[in-house]
Every structure is written in C-alpha cells, then in structure tokens.
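Peer 1: 3D model of this:
(chains A, B and C)
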Amino acid sequence: MRPALALLLRDLRLALRAGGGAGLGLAFFLTCVLLMPLGIGPDLAMLSRIAPGLLWVAALLAALLSLDRLFQADLEDGTLEVLAVSALPLEAVAAVKALAHWLTTGLPLVLAAPVLGLTLGLPAQAQPWLVASLAAGTPALSFIGAVGAGLTVGVRRGGLLLSVMVLPLYLPSLIFGARTVALAAQELDPARAFLLLGAITVLSLGIGPFAAAAALRINLR
Amino acid sequence: MPDLGPYATAVLGAYGVTIAAIAGLVAWLVLRARRVRRELAGLERGRRRSDG
Amino acid sequence: MSLWEFANPARFMRISGAALPWVAGLAAVILPAGLAWGFFLTPDDYRQGSTVKIIFVHVPAAMMAINIYGMIVVASLIWLIRRHHVSALAARAAAPIGATMTVIALLTGALWGQPMWGTAWAWDPRLTSFFILFLFYVGYIALWAAIEDPDKAADLTSVLAMVGSVFAVLSRYAVNFWSQGLHQGATLSIDRDQNIDPVFWLPLLACIAGFFLLFLALLLVGTRTEIRARRARALQLAMAG
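Peer 2: Model (predicted):
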C-alpha cells in the first residue's frame, strides 16, 4: 500500500503545484457553464430544463481536458519506465494515476456543481441528485479516460485523437448521469438511472486499470 | 421505371446514396491497392538488383 | 486443412488471390440483381407506399455495419491471442468498409424517415446508436492511422476494440433507456410467424447476400493491400538500415 500512496501523493503534489493544471479543469467547467446562458439567453425556465444535460456535458469536457497529460509527462522523462519495473504492478500505477486525476478534476466539479445548478435554476429537489450523480459518475470518466490516455501516450499531439476515441466511451455515463438529474428535476424517481450510472462506474473501475496497463505495456515495448 | 408516387425523391435518393457510397469505397480501395502493389513491385525490383 | 492455415500471410495471399475474382464476380452479379429486384419488381406497401423499397438498401447496410464491428472485435481477439498478422490486418481493412456501411444506413434511414416520420432526423434510439457506432469506427480508424509501428498499432487498436465493444453494447442499452423511439421493431426474425411478405423478403435476402459478398470482396482487397503495405514498409526499413 505504501508505494501506491507515495505515487498518489506525488501525482497530487505535481497537479497542485503551479502549472500542474489541477484548477484548470474546474475553471474550464465554470467557463463552459457560464457560456451557455450567454449563448442561449437568460430565460431561467429554459435554462433549468437543460441544466442537467448541460452540467454533465461540461463535466465530460472538463474531464477530457487534462487527460492527455495523464501518462505523457511520465513517459517523456522516463518515470513511467521506472514505475513499470517497480514493485507496484502497472495496473495499480494506472489505477492510482486515474484516482489522482479524479481527485484533481472530478472532485472539484462535484463540489462546485450545486452552485452552478443554482445559477441555472435547477429545482431544489434535484440538487442532491446532481451532486450524487457527479460523485458516482465522474470516477468512470477518469478511469475510462486512463485507457484512452494509455493508448495515445506515444502519439505526439494525441489530444484530439484522445477526445475522438474516449468521448464515445463516455456516452453511457453521460446518459445515465444526466437522466438521473433530469428525472429528479421532474419529480420522478431517479433511482434506476442512478444505480445504472453507478454500475457503469464500477465496471470502469474494474476494466480501466487493466486495459490502461495493457496499453502502457504495449507503448513501453 | 416503376411509379414511385410522391416518395420518388426519397427512394431514388436512398438508392443513389447507397450506390455512390459503395462506388466511392470500391474506387478508393482499388486505387490504393494498385498504388501499394506498384510501390511494392518497385521495392522488390530494387532489392533484387542490389542483391545481384 | 484448418482455419489457421490462412494465418500464414504468403498462403493467405495465394488463396485470397485465387478466391477474389470469384467472390468479386459473385458480388457484382448478386448485389445489382438484388437491388434491381427490389427496386423494379416489388409492389408498394399499402401503408408506406414506394418508400418500402428503401429497406433493400437500408437493412443490409445496417446489418453489415453492426456485424463488421463484431468481426473487428473477433479479429482483434485472434490477433491478441494467436498473433496472426493477417487477423490484425483484416480488422484494419474492415473498419473503413464498416464506417461506409454505417453512413449508408444513416443516410438511407434519414431519407426514409423524411416522408414516414415527417422528419429526416429524430433522436431515436436506433438512429442515435448508429451515430454512436460511426463514432466508434472513426476513433478506431484514427488510432490505426496515428501509430507508426504496425505491431504496436495492431495491439493498441485491439485493446480499443475490446474496451469499445463493452461500451458499445452499454451505449445501445443506455440509448434505449434514454428515449423510446419512432423506429419500428425488427422486420426479420426467425421465431415470429408474422413476418413480412415473401414478395419483400426474398429480394431483401438477395440484397443481404449481395452486401455480404461485396464486404467479403472488399475485405480481401483491403487485407491484401495491408499485407503488401506492411511488406513494402519492411523492405524500406531493411534498405534504410
């Protein structure tokens, strides 16, 4: 457990340091959500109707933003090769790095979401579901994203390729996440959508590290 | 030519789109096959010359 | 002779070279015949009018679009387990064909929806699923194109195909959950006694056979090209080094 914790703390420190980009995901999320009323108009009734989908799409894009650096910096300076021969299996390395990615990009969104929900006129009874759906759904974004990051780690300027590959994999999470909030906003029962969202996250936590590690091994060959 | 009634554009469009897409795909694949084959033939010839 | 005999690229080139004219010839006969049968010789449906003729291009293209993705997944699995290069290259060659079939299914579906549903595009589960399928093809093709080393590209795209297949199936069900659609249920099924009239399904069967043969012929052409391109690359590297 010690090496995993050390790696996690190292990744968090790197992300939080100036230029690490931990705050950028959140800033991007805020900007995205701010742009929407400016583009669509200040009609709060309309905004409250589209708020669930809007917040979830913004969360998807924010998660994507820092994904291409997940393994690339470590590959460039050779850290990844050291990690690959360390006591920690590469699967654990991928899982820890995905966790660090979630802590620095997903978690801030979960905490900031209620405020943004408020500004978009999301009904009060949907607010807890918004927080719950982001908390249950965004880990999947980081862990699926790790697979994409592992696949494109050797590609120069792979950011666009990464988005094209990873966004289709995000769709089930998006659908169930946004549905959870939308159903709650309409005073319907969101439990089913929420459980399915959680199931996708559990599946991603299971598949993600192994697929990402397989991709990294291929790229390190 | 069968009488397609009010839906003629839809039906003709669907067949047209299909045939155009398939023709485009076939043309692209055949042209690429030809180019790669020529390239490989050139390389093989060059190798044989340098061997002999 | 076992199936694995095809895995040897030289033998594959020989056998596929012999088979290709026959497959291509058969496709060139059956596909136009099936389409002509469907277009000229079928009656109008009492509800859908002449638009019923669109099923002869729409349904086979849609079937191929899905099944080619399945074929890519299986071929990727074979490559990962048995390291047969022909398998990886066949997966690569199949992708653009599958993407084209997806586009055909989407466009003909839109042309059908225009008069029938009153709208060319509806965010209907099936249409949306095909849109998503197209995105999967695009991502897969883009990854192949981005990686220079052929074995590495084969490995990485196989991983993507594996992971992608899981999420493609999930998307299908998620999209069903997301919206109940306009699209009618499956027209062909084995276990139902109420199927469509033989007047329609016989030419439809011919068209499906024609599309399949076309796919097979194009797959052979594409795989042969990929094998040659790989050999050309190896020769270039050998000469440069």
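
Peer 1: got the residue ranges for the strands in chain B?
Peer 2: In chain B, no strands are defined using DSSP state E.

Peer 1: Where does pLDDT dip in it?
Peer 2: For chain B, the stretches with pLDDT under 70 are B:1-4, B:51-52.

Peer 1: Can you tell me the SS state at C:W121?
Peer 2: coil (DSSP: H, G, I helix; E, B strand; the rest coil).

Peer 1: Check which residues of the longest helix that chain A contains are buried.
Peer 2: Across chain A, the longest stretch assigned as helix under DSSP state H is helix A:191-220. For helix A:191-220, the neighbour count (16 or more other C-beta atoms under 10 Å in any protein chain shown) marks A:193-194, A:196-198, A:200-201, A:203-205, A:207-216, A:218-219 as buried. Placement of C-beta: from N, CA and C, glycine included.

Peer 1: Distance from that helix to the middle of the chain?
Peer 2: Distance of helix A:191-220 from its chain centroid, counting by C-alpha atoms, centre = their mean, to the nearest Å, is 12 Å.

Peer 1: which intervals of chain C have sub-threshold pLDDT?
Peer 2: Across chain C, the ranges flagged by pLDDT under 70 are C:1-7, C:45-48, C:118-120, C:122, C:179-196, C:241.

Peer 1: and it, which residues reach chain B?
Peer 2: Counting by C-beta under 8 Å from any C-beta of the partner chain, the residues of chain C close to chain B are C:35, C:39-40, C:44, C:49-51, C:53-54, C:57-58, C:61, C:96-97, C:100, C:103-104, C:107-108, C:111-112, C:114-115, C:214, C:218, C:221-222, C:224-225, C:228-229, C:231-232, C:235-236, C:238-239.

Peer 1: So which of the residues you listed are in helices?
Peer 2: Those of the residues of chain C next to chain B mapping onto helices are C:35, C:39-40, C:57-58, C:61, C:96-97, C:100, C:103-104, C:107-108, C:111-112, C:114-115, C:214, C:218, C:221-222, C:224-225, C:228-229, C:231-232, C:235-236, C:238-239, per DSSP H.

Peer 1: pretty sure A:L151 is touching A:V164, no?
Peer 2: No: contact criterion C-beta atoms under 8 Å: A:L151 and A:V164 do not qualify, at 11.5 Å.

Peer 1: Count residues in the vicinity of B:T18, would you?
Peer 2: 27 (other C-beta atoms under 10 Å in any protein chain shown).

Peer 1: nearest spatial neighbour of it, skipping sequence neighbours?
Peer 2: Excluding its sequence neighbours, the residue lying closest to B:T18 (C-beta to C-beta, 6 or more residues apart in numbering or on different chains) is C:V57, at 4.2 Å.

Peer 1: Could you do C:G70 as well?
Peer 2: C:S165 (7.9 Å).

Peer 1: what about the one you found, which SS state?
Peer 2: Assignment for C:S165 (three-state DSSP): helix.

Peer 1: Pull the contacting residues for it.
Peer 2: Contact analysis of C:S165 by C-beta atoms under 8 Å, 6 or more residues apart in numbering or on different chains lists C:Y69, C:G70, C:V73.

Peer 1: ok, of these, which come out buried?
Peer 2: C:Y69, C:V73.

Peer 1: From the contacts of C:S165, pick the one nearest chain A.
Peer 2: The shortest approach to chain A among these belongs to C:Y69, at 12.0 Å (C-beta to the nearest C-beta).

Peer 1: between the helix or strand hosting the closest one and helix A:191-220, how many degrees?
Peer 2: Counting by DSSP states H and E, the element that carries C:Y69 is helix C:55-82. With axes from the mean of the first three to the mean of the last three C-alpha atoms, to 10 degrees applied, the angle from helix C:55-82 to helix A:191-220 works out at 50 degrees.

Peer 1: what's helix C:55-82 packed up against?
Peer 2: Applying 3 or more C-beta pairs under 8 Å, 6 or more residues apart in numbering or on different chains; DSSP states H and E, one finds that helix C:55-82 makes contact with helix B:8-51, helix C:9-40, helix C:85-116, helix C:125-146, helix C:150-178, helix C:198-240.

Peer 1: nearest to A:G137, of these?
Peer 2: Within the helices and strands packed on helix C:55-82, the stretch nearest A:G137 is helix C:150-178; the backing value is 12.2 Å (C-beta to C-beta).

Peer 1: Quick one: distance of the closest one to the chain centre.
Peer 2: Counting by C-alpha atoms, centre = their mean, helix C:150-178 comes out at 15 Å from the chain centroid.

Peer 1: before we move on, the earlier item: among the helices and strands packed on helix C:55-82, which is nearest A:L44?
Peer 2: Between A:L44 and these, the tightest spacing by C-beta to C-beta is seen for helix C:150-178, at 25.0 Å.

Peer 1: now the angle from the closest one to helix C:85-116?
Peer 2: Using the same axes, to 10 degrees, helix C:150-178 lies at 30 degrees relative to helix C:85-116.

Peer 1: ok so, going back, using JSON lines, lay out the contacts of C:S165 together with distance to A:T104.
Peer 2: Below are those laid out as JSON lines (distance: C-beta to C-beta, whole Å):
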{"residue": "C:Y69", "distance to A:T104": "35"}
{"residue": "C:G70", "distance to A:T104": "38"}
{"residue": "C:V73", "distance to A:T104": "34"}
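
Peer 1: now, which of the contacts of C:S165 sits nearest chain B?
Peer 2: C:Y69 (16.4 Å).

Peer 1: follow-up on the earlier one: now a PyMOL select for only the buried ones of the residues of chain C next to chain B.
Peer 2: Selection command for PyMOL covering only the buried members of these, criterion 16+ other C-beta under 10 Å:
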select buried, chain C and resi 35+39+44+49+50+51+53+54+57+58+61+96+97+100+103+104+107+108+111+112+114+115+214+218+221+222+224+225+228+229+231+232+235
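
Peer 1: And stretch A:154-167, how far out from the chain middle?
Peer 2: With C-alpha atoms, centre = their mean as the basis, stretch A:154-167 stands 15 Å off its chain's centre.

Peer 1: Sort out which residues of that stretch are buried, please.
Peer 2: Going by 16+ other C-beta under 10 Å, stretch A:154-167 has these buried residues: A:G154, A:V155, A:G158, A:L161, A:L162, A:S163, A:V164, A:M165, A:V166, A:L167.

Peer 1: Check stretch B:12-27 too.
Peer 2: Of all the residues in stretch B:12-27, those buried under the rule 16+ other C-beta under 10 Å are B:G13, B:A14, B:Y15, B:V17, B:T18, B:A21, B:I22, B:L25, B:V26.

Peer 1: quick one: contacts for the second one?
Peer 2: Neighbouring residues of B:A14 by C-beta under 8 Å, 6+ apart: C:K53, C:I54, C:V57, C:H58, C:L107, C:T108, C:L111, C:W112.

Peer 1: Against A:L120, how distant is the residue nearest to B:T18?
Peer 2: For C:V57, the distance to A:L120 equals 44 Å [C-beta to C-beta, to the nearest Å].
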